[in-house]
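In: what follows is a protein structure lacking sequence information:
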């Protein structure tokens, strides 16, 4: 068991006052048997009303309605979480799924269908060609070994770059450039797993960095393995998602797990710049 404090502040600056439409903030960690929120507070500027909801994926969403124009928008979150290590469960895979390929059970087929359908079908041939370096159709291999091999292959195949622009690169673009951000790595692994017939989803959250570093927002991939459930893989760092990873949002597609989204209205040149500050540290 250990505790992490997560402080996340996002600010948008404008040259003149603008009006803000409804915003959706996904900043609250996903609670469960392995993570509890001990303390939490959130703030928004300018003056606003906030209500909370759970989306179709069970993510906690703050719905923010701003009440007045301003030349700055600020959303702030500060929370303390307790993480309970669950090393024993990580190795429990149902006997039927210990070797790949396997079939998901009939009782789960309907629920996992959306997570097995590729989000970028036009990139399918390129992704399948790339997959031949780690798996040949008809091979019988341990499922976890295959996923760890996929995780490592993405880490070794691409060069990490920090991208400030919104959205992700489609898998073909990542292959063509040989570079990508954590979001791009996560999407590529998600699509590769789906082309292998495995249910996978996009995850956004936070990661505790090394000593002397501040931590950051992060993205990785979860794959559904019978018996073990949704298991996280972080191809950006060539790691299995562990106690340093704190998930906030999960979704079939990356755009449904955005930390902050919304609209504003004003003159075309009103927007100036944005600033994001994230701190993740042990307590």
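Out: Cool, got the structure. Owing to the predicted nature of the structure, the values given are computational and were not obtained by experimental measurement.
In: in what helix or strand does residue 230 lie?
Out: Residue 230 belongs to strand 229-234 when assigned by DSSP states H and E.
In: pull the distance from that strand to the chain's centre.
Out: Taking CA atoms, centre = their mean, to the nearest Å, one finds the center of strand 229-234 at 11 Å from the center of the full chain.
In: and it, which strands flank it?
Out: Strand pairing for strand 229-234, determined by DSSP bridges: strand 216-225 (antiparallel), strand 239-240 (antiparallel).
In: would you mind giving these as a markdown table with distance to residue 173 added?
Out: Every C-beta, even on glycine, is put in place using the N, C-alpha and C of the backbone. Listed next are those as a markdown table, based on distance: least, CB to CB, whole Å:
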| stretch | distance to residue 173 |
| --- | --- |
| strand 216-225 | 16 |
| strand 239-240 | 24 |
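In: wait, which of those strands is closest to residue 104?
Out: strand 216-225 (8.0 Å; CB to CB).
In: test my guess that residue 258 contacts residue 26.
Out: Yes. Judged on CB atoms under 8 Å, residue 258 makes contact with residue 26 at a distance of 6.6 Å.
In: overlap in contacts of these two?
Out: By CB atoms under 8 Å, 6 or more residues apart in numbering, residue 258 and residue 26 have these common neighbours: 204, 249.
In: okay, those two: which has more neighbours?
Out: residue 26 (21 against 16; other CB atoms under 10 Å).
In: isn't the more buried one right up against residue 61?
Out: Yes. Under the criterion of CB under 8 Å, residue 26 makes contact with residue 61 at 5.7 Å.
In: once you drop chain neighbours, what's closest to residue 120?
Out: Nearest non-adjacent residue to residue 120, counting by CB to CB, 6 or more residues apart in numbering: residue 170, 5.2 Å away.
In: I'd like to know how many residues surround that neighbour.
Out: 18.
In: cool, and residue 278?
Out: Counted with other CB under 10 Å, residue 278 comes out at 19.
In: before we move on, back to that, contacting residues for the residue nearest to residue 120?
Out: 120, 123, 187.
In: let's see that with 10 Å instead.
Out: Counting by CB atoms under 10 Å, 6 or more residues apart in numbering, residue 170 touches 119-120, 122-123, 126, 176, 184, 187-188, 191.
In: again, but for residue 109
Out: Taking CB under 10 Å, 6+ apart as the test, what residue 109 contacts is 103, 116, 199.
In: helix, strand or coil for the first one?
Out: Translated: residue 103. coil (DSSP: H, G, I helix; E, B strand; the rest coil).
In: going forward, count from 40.
Out: Okay, residue one is now 40; in that scheme the one you just asked about reads as residue 142.
In: ok, it to residue 167 distance?
Out: As judged by CB to CB, to the nearest Å, residue 142 and residue 167 stand 20 Å apart.
In: can you give me the strands in the stretch 140-289 of the chain?
Out: 180-181, 198-199, 218-219, 239-246, 255-264, 268-273, 278-279, 284-290 (DSSP state E, counting those that start in this stretch).
In: between the ones you listed, which gets nearest to residue 45?
Out: Closest among the strands of the stretch 140-289 of the chain, once you apply CB to CB, is strand 239-246, at 5.4 Å.
In: strands paired with that closest one, and their directions?
Out: According to DSSP bridges, strand 239-246 has the following sheet partners: strand 255-264 (antiparallel), strand 284-290 (antiparallel).
In: run the chain-centre distance for the longest one.
Out: This means strand 255-264. 5 Å.
In: now do stretch 180-199
Out: So, by CA atoms, centre = their mean, the centroid of stretch 180-199 is 18 Å from its chain's centroid.
In: which residues of the stretch 190-322 of the chain score low on pLDDT?
Out: 250-254 (pLDDT under 70).
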